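1. have a look at this prediction, sequence included:
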Amino acid sequence: MFIRPAELKDLDAIISLLNCEIMGGVNIFRLEPLNETMANRWWQLHGQGRYRAIVAEPEEAERVDGTDIAGWASLAPHSAYEGYDRTAELSVWVNASFRRRGCAARLVKTLQDSCVERNIRTVVSRIESNNEASLRLHEACGFKRAGLLEDVGEKFGHSLSVVLMQYHVPQLHS
C-alpha cells in the first residue's frame, strides 16, 4: 500500500467511501450524502495546501472490485475562529475490504508527521463512543481522551455520544 497526496482523480472514490458511511453507519453524523457541489467544496479545502488530503493506494494485487483507494485521511480547520488556527480536526476513512490491515494507522501517522510543516500544533478527533476500533486506533497513534459529549447526535433513531480525543504535535506544543 502506498500513501500519497490526494489527486482530483481520487475525488469520486473519496466521496463514495464517505457517502457509504453517511448512508449506512453512525461514524459520521451527516444524514444526506454529499452531492457534486458538496464534493467540489470538499476538494477546494482538501485538494491542495495546508489541509490537503492523503490516500492509501493499494498495490494492483490488493485491489478489490476495482477499488482505486483503500482509504483516505485529512485534516480540517477545527474552528473558524483565528485563535484555533494551529488546531486541526482529523478524518480517516478506510474501505471495509482494507480494515484491520494497518491502513488507518499509516494514514494517521503520515498526517501526524506532516503537522510541523502544516504549522499544526494540536489535532483533535470526534469519535462515536461505540466505535471501539477507532478509539483503539487513535490511542495507538498517541491520542489521549479529552472528554465525552453525551447524546449530542442522532441517527437511525439512536441517540449518539462522542469521545473527544487530542494529539499534541511534539515539536510545536510549547
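-> That came through fine. This structure is a prediction, so every number in the text was calculated from the model and none was measured. Residues are numbered from 1 along each chain as shown.

2. quick check: A76 touching W42?
-> No: the criterion here is CB atoms under 8 Å, and A76 misses it with W42 at 9.3 Å. To be clear about C-beta, it is placed using only N, CA and C from the backbone, and glycine gets the same treatment.

3. have a look at those two and say which one is more surrounded.
-> W42 (18 against 14; other CB atoms under 10 Å).

4. next, give phi and psi for that one.
-> phi -60, psi -40 (degrees, to the nearest 10).

5. equivalent analysis for L17, please.
-> phi -60, psi -40.

6. what's the pLDDT at A96?
-> pLDDT, A96: 82.

7. that should have said D151, apologies.
-> Looking at D151, its pLDDT stands at 97.

8. excluding chain neighbours, give the residue nearest to it in space.
-> Closest residue in space to D151, ignoring its immediate chain neighbours: S159 at 4.6 Å, by CB to CB, 6 or more residues apart in numbering.

9. packing partners for the longest helix anywhere in the chain?
-> Scanning the chain for the helix with the most residues, using DSSP state H, yields helix 103-118. Counting contacts by 3 or more CB pairs under 8 Å, 6 or more residues apart in numbering; DSSP states H and E, helix 103-118 packs against strand 2-5, strand 54-57, strand 71-77, strand 87-94, strand 122-128, helix 132-140.

10. buried deepest among the ones you listed, which one?
-> strand 54-57 (a mean of 24; mean count of other CB atoms under 10 Å).

11. quick one: strands adjacent to it?
-> Paired neighbours of strand 54-57 in the sheet (DSSP bridges): strand 2-5 (antiparallel), strand 71-77 (antiparallel).

12. so which of the ones you listed is nearest Y51?
-> Judged by CB to CB, the one of the strands paired with strand 54-57 that comes nearest to Y51 is strand 71-77, at 5.4 Å.

13. could you list the low-confidence segments of the protein?
-> 60-67, 172-174 (pLDDT under 70).

14. quick check: closest non-adjacent residue to the most centrally placed residue in the chain.
-> Nearest to the mean C-alpha position of the chain, by CA atoms, centre = their mean, lies S91 at 1.5 Å. Nearest non-adjacent residue to S91, counting by CB to CB, 6+ apart: S74, 5.2 Å away.
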